[in-house]
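Colleague: This is the structure alone, sequence omitted:
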């Protein structure tokens with residue numbers, strides 16, 4: 001019997017999943033941010049260099065930042081010096097000062113989705129913050145000031161607010177901007193894992209789980225002015241209740257299994273026991289911060305990003321949950337969808353795990369473990385914000401040279417014969433990932449040697465070579481697996497053709 005998970009609107013077609021892990025929740029003590037970006041389009045990497053700017057330089061703020069970049073709505077004074085930032089063609093990931101970000105969309109009240117007199121996009125919001133921030137709190141303050149002055153205008157395909165996760169060497173924060181000029185941020189406890197899956201859940205003043213939070217000064221007054229919060233009721237203020245999508249448009253995000261099912265799964269995996277399952281139309285009462293059963297390793301975080309609810313009633317390898325003929329765990333595209341929405345998706349364009357471990361100021365280099373396309377058929381390659389170059393193929397979206405397309409092609413083949421092809425894909429990539437993770441202590445010692453000799457150029461070159469060699473091996477493995485997959489699928493198709501009943505001479 002199919003599990004009834006039908007969701008009511010078009011937002012179910014997209015969405016991203018983000019995780020934050022405090023330093024005492026990870027096996028190596030790194031503060032960690034993880035991200036599946038389910039945008040469904042080509043992606044590539046960019047390295048924005050450290051720069052000095054002339055006094056009086058200004059940054060144009062575009063309403064159409066991802067398109068023509070002609071509609072200038074305002075200007076922001078440029079900082080005299082900006083940091084090196086590793087990112088993708090559209091989103092920054094991590095800067096040289098150990099600050100990293102992840103993000104996803106969260107629906108807010110209709111009034112805020114295209115808020116009047118708002119014009120800064122989350123793309124520019126995050127980029128400007130990472131160019132300047134030397135800590136997660138810095139980044140929160142910079143983004144908060146920009147939102148207060150310029151207002152967040154969502155420029156994505158589904159008008160909404162934004163949830164941004166920010167980390168540094170010591171802390172992890174969630175930053176929520178629903179649209180317009182208000183915002184809130186909440187610190188993740190050092191020993192906790194937290195997840196966001198396309199819904200606002202921060203409470204702020206009325207947060208039953210406690211924790212430090214920051215906000216715009218107008219957050220509560222504006223909610224009172226709009227009639228979203230009644231101070232006379234004496235109820236604690238809750239950001240998600242006041243600013244979340246509870247004013248129409250069907251089932252609110254907090255009541256939709258499209259979001260709560262992923263959060264339930266992450267919290268269950270991290271905590272080591274199954275939490276009460278979400279129900280469509282009912283607000284899930286599960287925790288937003290969980291102390292893991294043991295400190296999570298990087299491999300365990302990667303497994304979460306590749307999850308399809310295996311072993312649960314929502315397992316998407318099963319036909320009743322949208323699984324393909326050969327157990328492909330990616331349900332077919334449908335709006336609205338009658339199937340569970342897994343963490344790993346067929347339309348994931350990229351995925352990464354940023355570990356704040358220290359770079360030039362400390363021996364252990366920060367790492368961004370980066371995978372193109374679906375994490376399940378992809379390979380997480382170590383990249384370094386302190387490096388002086390990007391791996392070949394990872395720095396272009398060209399259909400002939402770009403790494404994205406090679407991983408995309410393998411993923412597309414795998415979906416047609418999952419049970420036949422997937423074990424070999426994972427065996428090959430898992431071996432590479434384990435090798436690179438095991439090599440980090442040796443790399444850290446080599447980094448320390450360069451630092452002792454104050455050889456910044458040598459250090460940057462070492463990290464670039466390390467990434468380049470890993471990426472080249474990942475691509476070579478991808479090409480080998482792709483050739484094998486094509487041959488096996490051709491043989492499978494031939495066998496299926498031979499097994500078909502012969503037709504009669506008259507075609508009946």
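Modeller: Okay, I see it. Model, not experiment: these values are computed from the prediction.
Colleague: show me the contacts for residue 52.
Modeller: Residues near residue 52 by C-beta atoms under 8 Å, 6 or more residues apart in numbering: 80, 81. All C-beta atoms are positioned from the backbone trio N, CA, C, and that covers glycine.
Colleague: Try it again at 6 Å.
Modeller: residue 81 (C-beta atoms under 6 Å, 6 or more residues apart in numbering).
Colleague: For the stretch 151-300 of the chain, which segments are assigned as helices?
Modeller: Applying DSSP state H, counting those that start in this stretch to the stretch 151-300 of the chain gives helices spanning 219-225, 239-243, 257-271, 298-305.
Colleague: cool, the stretch 301-450 of the chain as well?
Modeller: 403-414, 418-438, 440-452.
Colleague: Give me whichever of the ones you listed is most buried.
Modeller: helix 403-414 (a mean of 22; mean count of other C-beta atoms under 10 Å).
Colleague: Could you check the pLDDT of residue 248?
Modeller: The model reports residue 248 with a pLDDT of 75.
Colleague: Residue 109 versus that one, what's the distance?
Modeller: Relative to residue 109, residue 248 is positioned 9 Å away (C-beta to C-beta, to the nearest Å).
Colleague: Then residue 291?
Modeller: For residue 291 relative to residue 109 (C-beta to C-beta), the value is 33 Å.
Colleague: Could you do residue 407 as well?
Modeller: Residue 407 is 38 Å from residue 109, by C-beta to C-beta.
Colleague: got it, and residue 340?
Modeller: 27 Å.
Colleague: can you check residue 287 too?
Modeller: In terms of C-beta to C-beta, residue 287 sits 25 Å off from residue 109.
Colleague: who's more crowded, these two?
Modeller: residue 109 (22 against 18; other C-beta atoms under 10 Å).
Colleague: Report the contact partners of that one.
Modeller: Here residue 109 is in contact with residue 247 (criterion: C-beta under 6 Å, 6+ apart).
Colleague: Give me the pLDDT for it.
Modeller: 93.
Colleague: What are the contacting residues of the lowest-mean-pLDDT helix or strand in the chain?
Modeller: The weakest-scoring helix or strand in the chain, judged by mean pLDDT, DSSP states H and E, is helix 110-113 (a mean of 87). Helix 110-113 is contacted by residues 159, 178, 179, 180, 247 when judged by C-beta under 6 Å, 6+ apart.
Colleague: now that helix: how far from the chain's centre is it?
Modeller: Counting by C-alpha atoms, centre = their mean, to the nearest Å, helix 110-113 is centred 24 Å from the centre of its parent chain.
Colleague: With stretch 453-470 instead?
Modeller: Distance, centroid of stretch 453-470 to centroid of chain: 27 Å (C-alpha atoms, centre = their mean).
Colleague: Same question for stretch 108-121.
Modeller: 23 Å.
Colleague: Ok, stretch 408-416 next?
Modeller: 21 Å.
Colleague: Mind listing residues that contact that stretch?
Modeller: 328, 373, 374, 377, 421, 422, 478, 481, 482, 485, 489.
Colleague: Now that stretch: average pLDDT?
Modeller: On average, stretch 408-416 scores 96.
Colleague: For residue 291, which non-adjacent residue is closest in space?
Modeller: residue 191 (5.2 Å; C-beta to C-beta, 6 or more residues apart in numbering).
Colleague: Now do the contacts for the one you found.
Modeller: 22, 24, 25, 291.
Colleague: same check, this time on residue 140
Modeller: Contacts of residue 140 (C-beta under 6 Å, 6+ apart): 173, 175, 185.
Colleague: in terms of contact, does the last one touch residue 171 like I think?
Modeller: No. Under the criterion of C-beta atoms under 6 Å, residue 185 is not in contact with residue 171, lying 10.8 Å apart.
Colleague: Please say which of those two ends up with more neighbours.
Modeller: The residue with more neighbours, out of residue 185 and residue 171, is residue 185; 25 against 21, by other C-beta under 10 Å.
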